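A.B. asks: Here is my input, please return the structure:
(one chain, ligands or ions: 1)
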Amino acid sequence: MRLRPFALVEPETVPEAVEILARLDGEARVIAGGTALVPTMRLGLVTPDRLVSLHRIAGLSEVRVDKGMLEIGAMTSLSALVRHGIVRDGWPLLAHAASRVATPSIRSSATLGGNLCYAEAASDPAPALLCLEAQVRVADSVGERVVPIGEFFTGFYETAVAAGEILTAVRVPPMPEGARAGYVKFCPRSAEDKPLIGVAALVTLDGAGRVSDIRLALAGAAPTPIRARRAEAALRGETLTDAAVRATADAAAIEADPLSDLMGSADYRREMIRVWVRRLLLSLR
Ligand SMILES: Cc1cc2nc3c(=O)[nH]c(=O)nc-3n(C[C@H](O)[C@H](O)[C@H](O)COP(=O)(O)OP(=O)(O)OC[C@H]3O[C@@H](n4cnc5c(N)ncnc54)[C@H](O)[C@@H]3O)c2cc1C
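C.D. replies: Here you go, the predicted structure:
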């Protein structure tokens, strides 16, 4: 449980950081808030020779709106995100999901970029960003590319960010006109735990009260955070009746592919997905 020696490098620009990551003398890792990385280093699960801190890079902690899109720098702490007036007013789903992460002390160090790159299936912000159809900016030695959040989580603790690359920002389109949205997190032990399962939903109704757009995303329901596309299809065009909502919740539970761990079995997770999808959709009705 002790930290092995490592070098800490603090570049001042993204190209400089990428160049340091690319050096061949030993393993290098990006460090943001350190809330996930440092415990894994203590456990000896990763043993980097060099940590590349992003704290000194100007602009990576900025939150701004650009042509209607919310742009959040990767180093924005979750607590700054939760407090930010622009986010609370325009993207309350994201502000609320981020506010459900762990404790105030974790949120003050943990960054949005770190949360996404850590890529836990049980991330609170991820389902909200999946519903909002966010995009992620990734920088490498050649330049920058944009990855839709739906293609970002590639496997169990794996993302589209390759070794040597840096997630620089998250771009979030505006909420669809008239949409209702919510996030619920179920923790059987303590409200400050990681979610056993998390459910985010964004629903738009047409003039006749039928669902014209439904986006449903789950945490803790598969090896990665996922959109529940088949459950969405079950509700599209329907009115939010008890029966339609129940059928959608059943579809989400069937579509999920949860893992068993110390927090709960796959069967229990599946059952909780059924319960919490139904409760969230009824609350949005
Ligand atoms: C006690 C505890 C409770 C928690 N509870 C919750 C919870 O309820 N909900 C939840 O969602 N999460 C929870 N978490 C996880 C927490 O959200 C993450 O630890 C945190 O968001 C990671 O962010 P960080 O800035 O500290 O990342 P770091 O620990 O610095 O980094 C995490 C990983 O991402 C990489 N990385 C970081 N930033 C970048 C970047 N910009 N580009 C490329 N790679 C990068 C690092 O190399 C490392 O591999 C909990 C963690 C702890 C310790």
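A.B. asks: Look at the spatially most central residue of the chain and give its secondary structure.
C.D. replies: Centre of the chain computed as the mean C-alpha position; nearest residue by C-alpha atoms, centre = their mean is Ala126, 2.1 Å away. Following DSSP: H, G, I helix; E, B strand; the rest coil, Ala126 is assigned to helix.
A.B. asks: near the ligand, which residues of the chain?
C.D. replies: 29-37, 54, 74, 101-102, 106, 109-111, 113-115, 117-118, 123-124, 161, 166-167, 194 (C-beta under 6 Å from any ligand atom). Any C-beta I mention is one placed from the backbone N, CA and C, and that applies to glycine too.
A.B. asks: The residue nearest to the centre of the chain contacts Ala219, doesn't it?
C.D. replies: Yes - if you go by C-beta atoms under 8 Å, Ala126 and Ala219 touch, sitting 6.0 Å apart.
A.B. asks: Spell out for me the PyMOL command that would select the buried members of the residues of the chain next to the ligand.
C.D. replies: With 16 or more other C-beta atoms under 10 Å as the criterion, this PyMOL line picks the buried residues out of those:
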select buried, resi 29+30+31+32+33+35+36+37+54+74+101+102+106+109+110+111+113+114+115+117+118+123+124+161+166+167+194
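A.B. asks: helix, strand or coil for the residue of the stretch 151-285 of the chain found nearest the ligand?
C.D. replies: The minimum distance from the stretch 151-285 of the chain to the ligand, using C-beta to the nearest ligand atom, falls at Leu167 (3.8 Å). At Leu167 the chain is in strand, as set by three-state DSSP.
A.B. asks: is it in a bridge, and if so with what?
C.D. replies: Val138 (DSSP bridges).
A.B. asks: could you list every residue that touches it?
C.D. replies: With contact set as C-beta atoms under 8 Å, 6 or more residues apart in numbering, Leu167 has these partners: Ala74, Gly113, Leu116, Cys117, Val136, Arg137, Val138, Val161.
A.B. asks: secondary structure element for the closest residue to the ligand within the stretch 1-150 of the chain?
C.D. replies: Distances between the stretch 1-150 of the chain and the ligand by C-beta to the nearest ligand atom are smallest at Gly114, namely 2.2 Å. Secondary structure assignment for Gly114, by DSSP states H and E: helix 112-118.
A.B. asks: ok so, going back, got a pLDDT number for the residue of the stretch 151-285 of the chain closest to the ligand?
C.D. replies: Listed pLDDT for Leu167 reads 98.
A.B. asks: Check the spacing between it and Ala134 real quick.
C.D. replies: 12 Å (C-beta to C-beta, to the nearest Å).
A.B. asks: Also Leu54?
C.D. replies: For Leu54, the distance to Ala134 - C-beta to C-beta - is 19 Å.
A.B. asks: Check which helix or strand the residue nearest to Ser141 when sequence neighbours are not counted maps to.
C.D. replies: In space, and not counting its chain neighbours, Ser141 is closest to Val18: 5.2 Å by C-beta to C-beta, 6 or more residues apart in numbering. Assigning secondary structure by DSSP H and E places Val18 in helix 14-22.
A.B. asks: Give me the residues contacting that helix.
C.D. replies: 9, 11, 28, 30, 50, 52, 54, 57, 60, 139-141, 163-166, 168.
A.B. asks: mind running it again at 10 Å?
C.D. replies: With C-beta atoms under 10 Å, 6 or more residues apart in numbering as the test, helix 14-22 has contacts from 7, 9-11, 13, 28-30, 50, 52-54, 56-60, 74, 137, 139-144, 163-166, 168.
A.B. asks: returning to what we had before: right, and the residue of the stretch 1-150 of the chain closest to the ligand touches Thr35 too?
C.D. replies: Yes - taking contacts as C-beta atoms under 10 Å, Gly114 lies within contact range of Thr35: 7.1 Å.
A.B. asks: what is in contact with the two at once?
C.D. replies: Leu78.
A.B. asks: looking at the chain, which residue lies furthest from center?
C.D. replies: Ala208 (33.1 Å).
A.B. asks: What are the phi and psi values at that residue?
C.D. replies: phi -90, psi 10 (degrees, to the nearest 10).
A.B. asks: Find the nearest non-adjacent residue to it, please.
C.D. replies: Thr239 (7.9 Å).
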